[in-house]
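1. my questions are about this predicted structure, shown below with the sequence.
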Amino acid sequence: MKFKYILSFIVLTGLLSCSDSFTDLAPTSQRNVGVFYKTGSDMEVAVNAIYNTLKADGCYDQSYWVMQELRSDNTFWDGTGLAEEITVFDKFTDISTSNITEEAWASSYLGISRANIVLSRIDDIDMDAGLRERLRGEALFLRSLFYYHLTVAFGNIPLVLTETASVEEGQGHTQAVASTVYQQLITDLIEAESKLPQSYSGIDIGRATKGAAATLLAKIYLVTGANGDAESTLRRILTYGYELVDDYADLWGTANEHNVESIFEVEFEGGFGDQGNQFTSQFNGVLATSVTAGVRNIPERDLVDAYEDGDLRFAASLAEVTDDNTGYTIKYGLTNDFSEDDAPNNWVVFRYADVLLMLAEAIGEGGEAYDLINQVRARAGLGPIDSNSPGSFTDKLLQERRVELAFENHRWADLLRFGAAESVMSAQGKPTNGKLLFAIPQREIDLNAGFKQNPGY
């Protein structure tokens, strides 16, 4: 069952919560902010609007995977014409006026603005106390998820925690250092986890849970080097009822959404215009070695070669197609039919295998860490590894994360967190040229004189 984002009455259409002109000119078909945000139902609709932002082109439907998978050594986009806008991210030749990064910035801050509206107003609403706590937890988690993507991508960014009421106020925001943003997210996610339920039923399945908040919290602890805090958080997730599904192939497709391994998904549904996804179409293309490589997101040859013989994840992640090209269909298009740019697949943001591998990372090399890694390998039909297996612990963990979580928006963040981005990309013949962060959109720098551009741009 898909959690439906109910948006028919939403007026949250910009980065600002309201302005005099907007209030005066709101269409009669929409609720005006002057009579909205009055009831618990209003606040639930407002929280649904935050979820809806996750589906934007600037978020999980396009920009996030361009900035996490295409940027990394996992995939490339071999195309010309309009596709050149995307190829630059694979080649580290992107510039500060890229539409991809502009959309990522704008859409993420739209989600943050919507969350801030809820968090700034919800305490003054006469509503059920339990619903208030849950919605507050959802808004905190979602705001943190947007901020996590922004901070990984751009580094020092504006940290806006209250409702923005005017253009002038928006232009007055300054960049906070990434460490300050992460510390705020830690505070918010601790609160979110305390307020969210462990699970839902019925039409609420798909909303943020304790497990979702804790998984993001643990990931941020690892980014900041707080491995002990990450370990305790991850051990807590082990008690929340998640399990590895028996067959890796049963993770994918609409029939398998919200399975026992799933922790958080972004909801898409085809056949309703703007509710389906385009990433399924974009993740279906031809292999890098094809002489007729087309304009799609294509797995790099060294990713294909990274799968060990007998790894059951390969067939569930990359399926050969039988048209005029020798190519591969990636995970999302393997298990159900879809229309071009209108597919029904959810994007799986967090799942339990990631938790097990992060726990191994937090613990560090040793018997327990290898046991956790080997749980994931056993499901893939592979034998165990240990300290005597070739390579360093970091190399082995990064390898396992790469093939287990391929195409799920973890690879570039992993390379950065492990300090491996420059060496890995150079080995692939794609030096980063110092671009470990993306360019702050030029539009933002033009509007905010105090903003500093990231190195390499």
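-> Nice, I can see it. Everything quoted here is computed from the prediction, not taken from an experiment.
2. rest of the way, CA atoms for contacts and neighbours
-> OK.
3. tell me where the stretch 201-350 of the chain has strands.
-> For the stretch 201-350 of the chain, strands defined by DSSP state E, counting those that start in this stretch occupy the ranges 262-266, 284-286, 297-299, 318-321, 327-330, 347-351.
4. hey, which of the ones you listed is tucked in deepest?
-> strand 297-299 (a mean of 28; mean count of other C-alpha atoms under 10 Å).
5. so what are the sheet partners of it and their directions?
-> strand 75-77 (antiparallel) (DSSP bridges).
6. avg pLDDT for the strand it pairs with?
-> For strand 75-77, mean pLDDT rounds to 84.
7. and stretch 47-57, by the same measure?
-> Mean predicted confidence for stretch 47-57 is 97.
8. that stretch: how far from the chain's middle?
-> 12 Å (C-alpha atoms, centre = their mean, to the nearest Å).
9. returning to that earlier point: ranking the strands of the stretch 201-350 of the chain by mean pLDDT, which is last?
-> In terms of average pLDDT, strand 284-286 trails the rest of the strands of the stretch 201-350 of the chain, at a mean of 61.
10. burial check on Lys435, number of neighbours?
-> 17 (other C-alpha atoms under 10 Å).
11. please apply the same query to Tyr64.
-> Neighbour number of Tyr64 under other C-alpha under 10 Å is 24.
12. how close does it get to Thr174?
-> 23 Å (C-alpha to C-alpha, to the nearest Å).
13. just checking, what packs against the top helix by length along the chain?
-> In the chain, with assignment by DSSP state H, the single longest helix is helix 129-154. Where contact means 3 or more C-alpha pairs under 8 Å, 6 or more residues apart in numbering; DSSP states H and E, helix 129-154 is packed against helix 40-53, helix 99-121, helix 178-195, helix 210-223.
14. kindly recompute the last result at 6 Å.
-> Judged by 3 or more C-alpha pairs under 6 Å, 6 or more residues apart in numbering; DSSP states H and E, helix 129-154 is in contact with helix 99-121, helix 178-195.
15. may I see the buried residues of that helix?
-> Buried positions in helix 129-154, judged by neighbour count with 16 or more other C-alpha atoms under 10 Å: 131-154.
16. count the residues that sit near Leu357.
-> 24.
17. report the contact partners of it.
-> Ile373 (C-alpha atoms under 6 Å, 6 or more residues apart in numbering).
18. what does the pLDDT read for it?
-> So, for Leu357, pLDDT stands at 99.
19. could you do the one 4 residues further on as well?
-> At Glu361, the pLDDT value in this model is 98.
20. dump the helix or strand hosting it to PDB, restricted to CA.
-> Using DSSP states H and E, Glu361 sits within helix 352-363. Extracted in PDB, the C-alpha atoms of helix 352-363 (Å, rounded to 0.1, in the frame of the first residue of the first chain):
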ATOM      1  CA  TYR A 352      18.400  -2.800   6.900                       C
ATOM      2  CA  ALA A 353      21.400  -4.000   5.000                       C
ATOM      3  CA  ASP A 354      22.800  -0.500   5.100                       C
ATOM      4  CA  VAL A 355      22.300  -0.500   8.900                       C
ATOM      5  CA  LEU A 356      24.300  -3.700   9.200                       C
ATOM      6  CA  LEU A 357      27.200  -2.400   7.100                       C
ATOM      7  CA  MET A 358      27.200   0.900   9.000                       C
ATOM      8  CA  LEU A 359      27.300  -0.900  12.300                       C
ATOM      9  CA  ALA A 360      30.400  -2.800  11.000                       C
ATOM     10  CA  GLU A 361      31.900   0.500  10.100                       C
ATOM     11  CA  ALA A 362      31.200   2.000  13.500                       C
ATOM     12  CA  ILE A 363      32.600  -1.000  15.300                       C
END
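21. so it versus helix 210-223, what angle?
-> Helix 352-363 and helix 210-223 are oriented at 40 degrees to each other (axes from the mean of the first three to the mean of the last three C-alpha atoms, to 10 degrees).
22. now helix 352-363, how far from the centre of its chain.
-> So, by C-alpha atoms, centre = their mean, the centroid of helix 352-363 is 17 Å from its chain's centroid.
23. next helix or strand past that helix?
-> helix 367-379.
24. which parts of that following helix are buried?
-> Those would be Ala369, Tyr370, Asp371, Leu372, Ile373, Asn374, Gln375, Val376, Arg377, Arg379, for helix 367-379 by 16+ other C-alpha under 10 Å.
25. cool, and stretch 83-94?
-> Glu85, Ile86, Thr87, Val88, Phe89, Asp90, Lys91, Phe92, Asp94.
26. run through the helices of the stretch 201-350 of the chain in chain order.
-> 210-223, 227-237, 279-282, 301-306, 312-317 (DSSP state H, counting those that start in this stretch).
27. lowest mean pLDDT across these, which one is that?
-> helix 279-282 (a mean of 83).
28. what's the burial count for Asp126?
-> 11.
29. neighbours of the closest residue to it other than its chain neighbours, just the number please.
-> The shortest distance from Asp126 to any non-neighbouring residue, by C-alpha to C-alpha, 6 or more residues apart in numbering, is to Thr39 (6.5 Å). As a burial measure, Thr39 scores 15 neighbours (other C-alpha under 10 Å).
30. any idea how far Thr39 is from Arg132?
-> Relative to Arg132, Thr39 is positioned 10 Å away (criterion: C-alpha to C-alpha).
31. one step back: deepest-packed of the helices and strands packed on helix 129-154, please.
-> It is helix 99-121: most buried of those by mean count of other C-alpha under 10 Å, with a mean of 23.
32. quick one: mean pLDDT for that one?
-> 97.
33. show me what that helix packs onto, helices and strands only.
-> Using 3+ C-alpha pairs under 6 Å, 6+ apart: helix 99-121 touches helix 40-53, helix 129-154.
34. could I get those helices as TSV with distance to Asn116?
-> Shown next, in TSV, are the helices and strands packed on helix 99-121 (distance: least, C-alpha to C-alpha, whole Å):
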stretch	distance to Asn116
helix 40-53	10
helix 129-154	8
